[in-house]
Every structure is written in structure tokens, then in C-alpha cells.
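Asks: build me a model:
(one chain, ligands or ions: 2)
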Amino acid sequence: MEGVDHLAHERNKSEFDVDAMKIVWAGSPHAFDVSDRISKLVASDPGFRKDNRSTLSRKELFKNTLRKAAYAWKTIVDLRLSEEEAAKLRFYVDEPAFTDLHWGMFIPAIKGQGTEEQQQKWLPLAYKMQIIGCYAQTELGHGSNVQGLETTATFDPQTDEFIIHSPTLTSSKWWPGGLGKVATHAIAYARLIVGGREHGVNGFIVQLRSLEDHSPLLGITVGDIGMKFGNGAYNTMDNGVLRFDHVRIPRNQMLMRVSQVTCEGKYKQSDVPRQLVYGTMVYVRQTIVADASCALSRAVCIATRYSAVRRQFGSQNGGPETQVIDYKTQQSRLFPLLASAYAFRFIGEWLKWLYADVTQRLQANDFSTLPEAHACTAGLKSLTTTATADGIEECRKLCGGHGYLCSSGLPELFAVYVPACTYEGDNTVLLLQVARFLMKTVSQLGSSKKPVGTIAYMTRVEHLMQCRCGVQRGFAELSVDLVEAAVAHCQLIVVSKFIEKLQQEIPGKGVKQQLEVLCNIYALFLLHKHQGDFLSTGCITPKHAALANDELRSLYSQVRPNAIALVDAFNYTDHYLGSILGCYDGNVYPKLYEAAWKDPLNESVVPDGYHQYIRPLLKQEIRTARL
Ligand SMILES: CCCCCCCCCC/C=C\CCCC(=O)SCCNC(=O)CCNC(=O)[C@H](O)C(C)(C)COP(=O)(O)OP(=O)(O)OC[C@H]1O[C@@H](n2cnc3c(N)ncnc32)[C@H](O)[C@@H]1OP(=O)(O)O
Ligand SMILES: Cc1cc2nc3c(=O)[nH]c(=O)nc-3n(C[C@H](O)[C@H](O)[C@H](O)COP(=O)(O)OP(=O)(O)OC[C@H]3O[C@@H](n4cnc5c(N)ncnc54)[C@H](O)[C@@H]3O)c2cc1C
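Replies: Ligands and ions are numbered 1, 2, ... in the order given. Purely as a prediction, here's the structure:
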């Protein structure tokens, strides 16, 4: 029945202060207040409905996304929302759109790679959305290999301009979000050519469309690259294709914080590392880690609530069947994901601090922590997105058949989320960057000091690589092992930061105890999953492994009575979850049944096509050669 909390008995089992945990999850009382207020504002406004997405055509879907983006902007302006509230509103609208790249990449690129003068010119236009930007780096022929990009930017000293050109088919810009149909401007990455000499890839602000009638400017060919994985899903985003035919831009539209070109045609490299040209990617990678905890917690919330509602087998003397959340197999699949959601939340908090710290240091021209920041953002982006994509799929399976319904919210969540393993850096390519950082770290330890602890194996690898034909060949030969080492290195960081979080003052009855249980589940689950490595390297004995497994089982029993409260702490509205299986009141079956009849296929009792195709079949009116 409506209004009845079918999960009340579960909520009454909780052994900790859920409201206090909500603050921990949000990050602070202020962050909780903003999140809570904005999520309810979005949930209560029919202008932000999203339950019809899977029934719209691509063009209807995209037009609806434009409507929502404009409506969101009007809401932000009318209510005079702060930048923080506006970002939260876009988050809870929960629809990939051109605004993600305008706010999430175009603006950060100008802030990170533009001069003061360029920031003063372009940021006010972008903040007022008088221009709409995208981040056009990837090309048809190159994405991972940024130094392989083919678009050229040739300086013309006669006119004090750059000529932006797409010399080959494979140099066509391909994938940039917001580019296909909306962006008026791009940060386009191109090979800088001055006086016939190449100076690597740099960013250039290029206007693509008229601000009067939105038509592409002279020399610009632009469009959408077509349908992507899954219905609805990421097809609300106009990922685009862009070609330049000798497009001229003023010299002052090259982002010049890292490198400069003077009006005399002199190239100057600032005394900052050229990798700062990649700074926007580092910024987005750290936001993606926080996004991973959001996406995984959504899936876990759905699967946990449904696992408490679903009963299957185990009825004694006509009594109720067993809740599937009480099966040890269900717990062993679900609770490590619950622990991961919390672990990724806290690593995301730490990475945000690391990024802010390195940004502050860069302002003082202190580049000492830049390699660590690159390795951490790259590695943790790779680790958390892989685990989250796999985790969402596992949550779908944890919900049985009903997990495969769009009304469960899981298929679309999966389809929207999985490109995170690719965009902002393919996850393997990023792990190779971490491996390179680890090898460089080890080689710098000096011959007298042998690495110990979790990087002891690196000595053997280091020795092997040096005695083999050159470090480069060894690296390629051992890249599979090095990628595994990179993952282990990042997992060490996740566990260490979770433990550090527990050393902080954490208010609320039983809150810290619950987090300790989740931290131990996260760590011991990893130990169990990789016990072969730990045993073969002598880090643990078989007895340790057995003890760890016993402890893991005991921890699952400890978290079981608190599972519903731990996902309630995410404070997601039913609107944001978009899932009948995960609805707060657990009143699943009536809602599933009601939703089925709303499907367009049920608008008529007899389906279109019956008289044309089925009736002749049934009436044997179709003669085939064989009969
Ligand atoms: C309001 C907020 C809204 C929130 C929304 C935010 C947005 C969320 C939605 C996002 C959705 C979609 C967005 C997707 C956007 C994209 O996909 S943009 C394109 C992304 N593309 C990539 O990530 C490309 C990946 N490739 C690379 O980064 C580089 O090619 C790579 C690092 C792999 C290699 O670069 P090279 O130049 O070839 O460098 P190397 O020779 O490997 O290394 C040389 C040294 O440089 C160091 N290095 C490399 N990168 C960095 C870096 N980023 N920072 C610092 N240092 C770096 C490297 O370690 C080497 O150092 P060493 O010589 O060893 O000391
Ligand atoms: C939904 C979505 C949105 C996107 N948005 C944008 C955007 O807004 N702006 C933008 O510029 N780009 C965007 N991209 C592009 C994205 O950044 C690239 O697709 C991504 O960086 C991967 O590069 P790639 O496609 O060249 O992959 P590839 O590098 O071609 O990967 C193919 C395979 O090759 C492997 N591989 C590649 N190099 C190596 C190596 N050295 N060693 C071992 N294995 C290797 C990879 O691991 C992978 O398995 C988007 C992509 C998607 C899917």
C-alpha cells in the first residue's frame, strides 16, 4: 500500500545514527544541506521528469535534453543559485548534456591554461553562457596518444593569426561532447607550427558557430557522430565530429600560460612543465573519482533495498520465504560493493585535496608533486571507474530478472556510466602511466636502498629490466605485470586513505564503528580476491588467508542489520534513483505492475502488425515452398 514503509523493519535494526552518517557521506553539514535542498527541488519539479527517456526517439530525446538544460539554467538564474548549488542542480538533473563539458572542461581549460588576460576575456562570457564551449582534443585517428594528434595550428606572421586545419580524415575531431549540435566555441588541441618548426600540441579557442543563427562558420564542418551504446542513456549528449578547412583565428586565442607565440613569430616555452597542457584532464580525472562513488552508491542502494524486499525459497511451515539479502552468497557479492562506495567517497575527498594542493603549488611554480598528482589521478580514475562499471553490472544481476527492466534504473545507469572507463583516458593507458611513475620511483631509490614492503617485487623487475636489453623493452615486455602492480599501488592508496579517514573525529552514535566494518570489508575482500599474489610472495601464510576469510564472513553478519540504513545515508530521492526496485518505501511489486501498463506497447490490446503479419500466420494463409 502507498504510504506504508515496507522497509521499516529493516530501518529499525540500524545500530548507528543515520542522520550523522548522511553528514559524513555528504562531507559536511553545509554540503548535506545544499545536496538535500537541491535534490528535493529537482525531484519536486515536473520540468525535470526523466521516467520517459527510454521511450523517446533520438531527436525527441535530444530536444528534451536541450529543454531541460535551458530550464535548469533559468532555474539557476531565477533562484540566484550559487556555483555550488548550480553544480548540484545539474548533478541531480542526472542527464549527460553539453553543459557537462562547458562547465566541466571548457571553463577549467581556460582557467588552467589561459593567461590572466585570456581568462578575463573569455570566462565572463562562459559563466553567463553567452558562449557554449566544448573540449575538442580527440580525433578519429588518435585519442590516447595526444602527441599523435594531427590537427595543425600554423602561425601566419603577416596577419598575426593561427590557421587551424584538418589535414587528413583521421585528423577530424571525433567524440567531443556538446560539439555535435550545440557548442559555439571549442578548445581545439592542435600541433603548433611556427616558422616551419613544430612545437607540440597546444590548446586554441576557436569559434565554431554563429552567435546569431548558430550556423557553422566558414571553414567549419561539424555534426553528431551518431547513436551510442544503449537506448536513451548517453544519447542525450551530442558527441561530435569537426573538421577545419584553413580556419583563421587571432594569435591571442592560443592558450598561452604554458607556451607563447609573439607577434614577431617567436615561440617561447614558459618555465612550467609542458604537461600542464594536460592539466584539464587531470582536473576531470579527479572529479570522475568522486562521480564513481555516486554512481556505485546509486546501484548499491537499489540492489540493497531490493535484496531486503525480495523473498525467495526458505519458507518454514507456510511462513514467509527468506529475504535474499540473508543469503551468504548475496552478501558476499553485495557488501563489498557497499564498502567500495564508501571507500571511493573518501578517496575522492582526498584526491580533491591533492588536486587543490598541487594547483596551489603550481601557482608558486612548485612542480614537485605534479608527477604524484598525475599518477594518483590517472590510477584512481582507472581503478574506481573499472570497479564501478563492474559493480553496477553486478548490482543488476543481484536483482535477478527485474534488474533487467528499465524501470529498475540499472540498465540506463550502466549504459551512461561505462564510457567512464574510456573517456578522460583509457583505463589501461592510464595504469601504464602509473607503472611508469612507479618504475621511475624505484629507479630513483638509489642502488644502496632496496625497496621493501608492497614494492619489494619492483627490485626484481628493476633488475630484470636493467639486465635485459634496455629499460624501454623491459617495460613493454612486462607491461601486463606492471599494470597489475599499478592497480595494487592504487588499492594501497584507497585502503590507506580509508584508514586515515577513521583516525579523524567522526561524530554520531555508532557511525565510526560502521565505517570501520566497511573499511575492513574493503581491505579483506581485496586480500581474499588476490590471495594468490599475497601467498606466492610470502606476504601472508595460508593460515592468514583462512583467518581473513573467516573474518570477512563475520563482518558481513555485522553489516547485515545496518545495510538499509547505510544506503539510506546516501540520501537519494526516488526521483534521482529512478528505480522502482530501489524506491525508499520498498513497495516494489504494485509499482512494477503499474509501470508495465504505461509502456507504449500496451496502448492497444491488439498490437500494431497483428492483422498484417500474425493473423495470416495463425490462419495458415501464408504458403511456403516446403509445404
Ligand atoms: C561543474 C563540474 C561538472 C562535472 C563534470 C565534469 C566532466 C564530467 C563529464 C566527463 C564526460 C566526458 C568527458 C570526457 C572528455 C575526454 O575524454 S577529453 C580527452 C581525454 N583524453 C585523454 O585522457 C588522453 C590520454 N592520453 C594522455 O593523457 C597522454 O597522451 C599520455 C599521458 C598517455 C601520454 O602523454 P605523452 O605526452 O606522450 O607523455 P609521456 O611521454 O607518456 O610522458 C612524458 C612525461 O609526462 C608525464 N605526464 C604525462 N601526462 C601528464 C599529466 N597529465 N600531468 C603531469 N605529468 C604528465 C609523464 O608521467 C612523463 O613523466 P616522466 O618523463 O616519466 O617523468
Ligand atoms: C562517451 C565519450 C565521451 C567523450 N568525450 C570526449 C570529449 O569531450 N573530448 C575529447 O577530446 N574526447 C572525448 N572522448 C574521447 C576519449 O577521451 C577517448 O576515446 C579516450 O581517451 C580513449 O582514446 P582512444 O579512443 O584513442 O582509445 P585507444 O587508445 O584507441 O584504445 C584502444 C585500445 O588500445 C589500447 N592501447 C592504446 N594505447 C596503448 C598503449 N600504449 N599500450 C597498451 N595498450 C594501449 C587501449 O588500452 C585500448 O584497449 C570521449 C569518449 C567517449 C566514449
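
Asks: got phi/psi on Lys181?
Replies: phi -130, psi -10 (degrees, to the nearest 10).

Asks: ok, now which ones touch the closest residue to it other than its chain neighbours?
Replies: In space, and not counting its chain neighbours, Lys181 is closest to Asp238: 4.3 Å by Cβ to Cβ, 6 or more residues apart in numbering. (Glycine included, C-beta is placed from N, CA and C.) With contact set as Cβ atoms under 8 Å, 6 or more residues apart in numbering, Asp238 has these partners: Phe62, Phe98, Gly177, Gly178, Leu179, Gly180, Lys181, Val182, Asp224.

Asks: Gly279: which of those residues is nearest?
Replies: Gly177 (18.5 Å; Cβ to Cβ).

Asks: assign that closest one to helix, strand or coil.
Replies: Gly177 falls in the coil class when you classify it by DSSP: H, G, I helix; E, B strand; the rest coil.

Asks: in contact with it, which residues?
Replies: Pro96, Phe98, Asp100, Leu101, Cys134, Tyr135, Met237, Asp238, Asn239, Gly240.

Asks: would JSON lines of these with distance to His9 and secondary structure be doable?
Replies: JSON lines is the format used below for these (distance: Cβ to Cβ, whole Å; DSSP: H, G, I helix; E, B strand; the rest coil):
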{"residue": "Pro96", "distance to His9": "38", "secondary structure": "coil"}
{"residue": "Phe98", "distance to His9": "45", "secondary structure": "helix"}
{"residue": "Asp100", "distance to His9": "40", "secondary structure": "helix"}
{"residue": "Leu101", "distance to His9": "45", "secondary structure": "helix"}
{"residue": "Cys134", "distance to His9": "50", "secondary structure": "strand"}
{"residue": "Tyr135", "distance to His9": "49", "secondary structure": "strand"}
{"residue": "Met237", "distance to His9": "42", "secondary structure": "coil"}
{"residue": "Asp238", "distance to His9": "47", "secondary structure": "coil"}
{"residue": "Asn239", "distance to His9": "46", "secondary structure": "coil"}
{"residue": "Gly240", "distance to His9": "51", "secondary structure": "strand"}
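
Asks: restrict those residues to those near ligand 2?
Replies: Leu101, Tyr135, Asn239 (Cβ under 6 Å from any ligand atom).

Asks: what's the closest of the residues you listed to Arg396?
Replies: Of the ones next to ligand 2 among the contacts of Gly177, the one sitting nearest to Arg396 (Cβ to Cβ) turns out to be Asn239, at 24.7 Å.

Asks: residues near the closest one, how many?
Replies: 24 (other Cβ atoms under 10 Å).

Asks: again with Thr262
Replies: 14.

Asks: what about it, distance to Met256?
Replies: Going from Thr262 to Met256 by Cβ to Cβ, to the nearest Å gives 10 Å.

Asks: hang on, the earlier thing: give me the pLDDT value at the residue nearest to Lys181.
Replies: For Asp238, the model assigns a pLDDT of 97.

Asks: now do the buried residues in stretch 217-234.
Replies: Residues of stretch 217-234 classed as buried: Gly219, Ile220, Val222, Asp224, Ile225, Lys228, Asn231, Gly232, Ala233, Tyr234 (neighbour count, 16 or more other Cβ atoms under 10 Å).

Asks: which other residues reach that stretch?
Replies: With Cβ under 8 Å, 6+ apart, stretch 217-234 has contacts from 53-54, 56, 58, 61, 96, 174-175, 179-181, 207-210, 216, 235, 237-248, 411-412, 414-416, 418-419.

Asks: mind listing which of these are in strands?
Replies: The strands, defined by DSSP state E, take in Trp174, Gln207, Gly240, Val241, Leu242, Arg243, Phe244, Val247, Arg248 from those.

Asks: could you report the separation of whatever residue of the chain ends up closest to ligand 2 from ligand 1?
Replies: In the chain, the residue that lies nearest ligand 2 is Gly143 (2.5 Å; Cβ to the nearest ligand atom). According to Cβ to the nearest ligand atom, to the nearest Å, Gly143 stands 6 Å off from ligand 1.

Asks: around ligand 2, which positions in this structure sit nearby?
Replies: Neighbours of ligand 2 within the chain, by Cβ under 6 Å from any ligand atom: 101, 135-138, 143-144, 175-177, 234, 239, 419, 422-423, 425-426, 428-429, 432.

Asks: number of nearby residues for the residue in the chain positioned nearest to ligand 1?
Replies: Across the chain, the shortest distance to ligand 1 (Cβ to the nearest ligand atom) belongs to Gly104, at 2.5 Å. Gly104: 21 surrounding residues under other Cβ under 10 Å.

Asks: and the nearest residue to it once chain neighbours are set aside, what helix or strand is that in?
Replies: Nearest residue to Gly104, sequence neighbours excluded (Cβ to Cβ, 6+ apart): Val284, at 6.2 Å. Element membership for Val284 (DSSP states H and E) is helix 279-309.

Asks: ok, is that helix in contact with ligand 1 or not?
Replies: Yes - among the residues of helix 279-309, Met281, Val282, Val284, Thr287 lie within reach of ligand 1 under Cβ under 6 Å from any ligand atom.

Asks: now flag whichever of these is closest to Ala476.
Replies: Once Cβ to Cβ is applied, the member of the residues of helix 279-309 next to ligand 1 that ends up nearest Ala476 is Met281, at 23.6 Å.

Asks: list the contacts for that closest one?
Replies: Met281 makes contact with Glu424, Gly425 under the criterion Cβ under 8 Å, 6+ apart.

Asks: how close does it get to Tyr135?
Replies: 9 Å.

Asks: same check on Ile225?
Replies: Distance from Ile225 to Tyr135, by Cβ to Cβ: 15 Å.

Asks: same question for Gln531.
Replies: Taking Cβ to Cβ, one finds Gln531 at 42 Å from Tyr135.

Asks: these two: which is more packed in?
Replies: Regarding Gln531 and Tyr135, a neighbour count based on other Cβ under 10 Å identifies Tyr135 as having more, with 28 against 18.
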